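> Structure of the sequence below:
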Amino acid sequence: MKYFNTQLIITSLLGLSLIGCGDTNSNNNEDTELSIFIKSEKLTGNALQGKVTPHISDAKAQLGMHLFFSKSLGADRDSACVTCHHPLLGGGDNLSLSIGVGAVNADILGKGRRHDASSSHYDGGPLVPRNAPTTFNIAGWNSVLFHDGRVAHITSKNISTPDSGHLIADELATKNLASAQSRFPITSPEEMKGFNHENKDNQEIREYVASRLGGYGEGKDELKDTGYWLNKFQTALNEPNGSSKELITEQNIAMLIGEYENSQVFTNTPWKDYVEGDKGAISTSAKAGAILFYKSIKEGGANCVSCHSGDFFTDEKFYNIAMPQLGNGKGDGDEGIEDFGCLSTTGIERDKYAFRTPSLLNVEVTGPWGHTGAYTSLEGVIRHHLNPKEAIQNYDASQLSQIGLQNLDKLKVNSIRAIEQLEKDRVAGLDVLQDSNLSNEQVNNLVEFLYTLTDPCVLDESCLAKWIPKPNQDPNGDQLDAIDAKGNVLGRE
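Next up, the predicted model:
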């Protein structure tokens with residue numbers, strides 16, 4: 001087993017010491033109490049129950065992987081999907097706020113990634129305004145994607161997107177949520193579009209990138225070997241005689257990336273084993289944490305299950321929990337540096353500062369946490385939930401995983417506005433986060449429980465290797481073979 005950063009080493013070794021060997025001193029009372037919660041919450045342990053997902057060995061998922069790792073899909077060929085969502089970085093990028101286009105070295109991922117300070121668009125900090133959500137278990141989402149839910153199922157077959165508008169079916173988003181979502185990073189100047197194609201609308205930039213891969217239209221002469229891609233599309237789509245223009249379309253690119261993302265299924269956790277009947281699968285401390293997770297605040301618990309429900313650990317709804325607002329925001333507020341969250345999608349005032357409840361599966365490796373990655377430890381996230389106002393007042397900005405974040409002077413101002421909204425909602429009797437009091441030991445127990453939601457595969461480089469292409473496959477030189485700031489291949493010492 002190989003670990004990829006200091007945080008993983010610490011948390012994983014702690015988890016292994018408490019989980020891997022089993023706990024022969026399990027308290028029968030705790031098992032009894034948990035069995036009641038498991039029954040009342042109708043837990044099965046199967047987070048993707050009833051879903052049919054691609055296998056990474058499938059031809060379409062394989063081509064999706066190569067597309068996912070290709071800088072040819074970035075408008076300026078300096079970013080790829082994997083720039084912000086690498087398997088060895090928890091399906092994210094291990095940054096509070098992502099650095100998409102305009103990096104000093106496009107192949108450096110993780111904490112060593114830096115913007116090119118000579119760029120006229122560089123303002124001293126990350127340009128992407130939100131933390132990169134993990135792609136792990138993306139197939140588990142039934143309703144919404146993105147922090148603000150701007151890609152959403154409105155019926156079993158219809159999906160709304162920013163192109164169509166909220167609750168209006170997008171006729172070009174017809175496959176699944178992952179495929180629909182994959183069509184939007186290229187439309188963001190900060191993520192993959194860059195600033196040299198501002199004259200192109202969303203559909204034009206997608207079709208431009210597709211034509212580059214296919215060697216036709218506007219992108220005809222940009223790659224030296226488009227036959228590389230045509231052969232892959234012909235094989236994956238079982239169309240040996242298909243032409244580039246027929247096969248290499250933005251719709252097929254989105255579908256194939258969706259197949260790759262949906263193959264990232266990591267749900268075989270110690271907690272799953274416990275729910276299925278192995279009472280020694282988790283430690284006594286983790287069991288105590290699980291009880292706190294499911295018990296109401298009135299009964300002395302943390303009531304985490306009120307939002308993180310079911311086997312997928314999310315209700316897929318949106319809440320204002322007043323997470324710290326870092327970075328440049330989304331253009332909201334009087335100064336344009338706030339992020340109003342779900343309000344920007346729905347236009348409904350009560351959705352102001354509300355963000356999607358994340359799944360907690362593999363949460364150990366998917367940090368930093370929060371919609372701006374404001375917390376770099378699970379303990380920090382938990383303590384914020386216990387008392388957001390106190391957490392904001394005592395927020396330690398030195399924990400941030402990057403240097404040069406802009407608008408830190410506005411961090412508390414913006415965050416306090418979200419807290420004021422939260423307190424108004426409490427007074428109004430709305431279903432919102434309530435303060436709770438837990439001891440240090442109880443917080444530690446909750447952390448131990450969260451460790452049991454980790455599939456061992458996401459801690460193991462050899463296991464994750466199936467989702468990473470072998471290096472130097474693309475004759476055009478655009479495959480992103482990730483390295484760290486020291487030039488080492490990502491994940492290796």
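> The stretch 301-450 of the chain: strands as residue ranges?
Secondary structure of the stretch 301-450 of the chain (DSSP state E, counting those that start in this stretch): strands at 318-319, 355-356.
> Name the surrounding residues that touch the first one.
Okay, so that is strand 318-319. Strand 318-319 has contacts (CB atoms under 8 Å, 6 or more residues apart in numbering) with 148-149, 307, 341-342, 351, 354-357, 432-433. Every residue, glycine included, has its C-beta placed from N, CA and C.
> give me that answer again for 10 Å
144, 147-149, 306-307, 341-343, 345-346, 350-351, 353-357, 422, 425, 430-433 (CB atoms under 10 Å, 6 or more residues apart in numbering).
> How is the chain divided into domains?
6-50+267-451, 59-264+461-467 (automatic domain parsing).
> so how far is the first one off the chain centroid?
The chain centroid and the centroid of domain 6-50+267-451 are separated by 14 Å under CA atoms, centre = their mean, to the nearest Å.
> hmm, back to that, most neighbours per residue, which of the domains of the chain?
domain 59-264+461-467 (a mean of 20; mean count of other CB atoms under 10 Å).
> distance between the ends of that one?
13 Å (CA to CA, to the nearest Å).
> centre of the chain versus that domain, how much separation?
14 Å.
> Just the CA trace of stretch 264-280, in PDB.
The C-alpha trace of stretch 264-280 is given here as PDB (Å, rounded to 0.1, in the frame of the first residue of the first chain):
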ATOM      1  CA  GLN A 264     -14.900   5.500 -10.400                       C
ATOM      2  CA  VAL A 265     -16.900   3.400  -7.900                       C
ATOM      3  CA  PHE A 266     -15.200   3.100  -4.500                       C
ATOM      4  CA  THR A 267     -17.800   2.000  -2.000                       C
ATOM      5  CA  ASN A 268     -16.300  -1.100  -0.300                       C
ATOM      6  CA  THR A 269     -15.700   0.500   3.100                       C
ATOM      7  CA  PRO A 270     -15.400  -0.900   6.600                       C
ATOM      8  CA  TRP A 271     -18.700   0.700   7.400                       C
ATOM      9  CA  LYS A 272     -20.300  -1.200   4.600                       C
ATOM     10  CA  ASP A 273     -18.900  -4.400   6.100                       C
ATOM     11  CA  TYR A 274     -20.300  -3.400   9.500                       C
ATOM     12  CA  VAL A 275     -23.800  -2.600   8.100                       C
ATOM     13  CA  GLU A 276     -23.700  -6.000   6.400                       C
ATOM     14  CA  GLY A 277     -23.100  -7.800   9.700                       C
ATOM     15  CA  ASP A 278     -19.300  -7.800  10.500                       C
ATOM     16  CA  LYS A 279     -19.400  -6.200  13.900                       C
ATOM     17  CA  GLY A 280     -15.600  -6.300  14.100                       C
END
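> which residues in the stretch 151-300 of the chain form helices?
Under the criterion DSSP state H, counting those that start in this stretch, the stretch 151-300 of the chain contains helices at 177-181, 202-214, 227-236, 244-247, 250-262, 270-275, 284-294.
> Could you name the helices and strands sitting against the second one?
Which is helix 202-214. helix 227-236, helix 244-247, helix 250-262 (3 or more CB pairs under 10 Å, 6 or more residues apart in numbering; DSSP states H and E).
> Is it possible to get JSON lines of those helices that adds mean pLDDT?
Converted to JSON lines, the helices and strands packed on helix 202-214 look like this (pLDDT from 0 to 100):
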{"stretch": "helix 227-236", "mean pLDDT": "98"}
{"stretch": "helix 244-247", "mean pLDDT": "98"}
{"stretch": "helix 250-262", "mean pLDDT": "98"}
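> residues contacting the residue lying closest to Q251 once chain neighbours are set aside?
Spatial nearest neighbour of Q251, chain neighbours left out: L172 (6.8 Å); criterion: CB to CB, 6 or more residues apart in numbering. When contacts are counted by CB under 10 Å, 6+ apart, L172 is found next to 159, 161, 163-164, 180, 183, 202-203, 206, 250-251, 254.
> thought N362 was touching L89?
No: using CB atoms under 10 Å, N362 makes no contact with L89, being 12.0 Å away.
> Identify the contacts common to these two.
Each of T134 lies in contact with both N362 and L89 under the rule CB under 10 Å, 6+ apart.
> In TSV, list the contacts of L172 along with distance to K193.
Below are these laid out as TSV (distance: CB to CB, whole Å):
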residue	distance to K193
I159	21
T161	16
D163	14
S164	19
A180	17
R183	12
N202	9
Q203	12
R206	10
E250	13
Q251	18
A254	15
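> follow-up on the earlier one: out of the domains of the chain, the one nearest D474 is which?
D474 sits nearest to domain 59-264+461-467 of all the domains of the chain, at 6.5 Å, using CB to CB.
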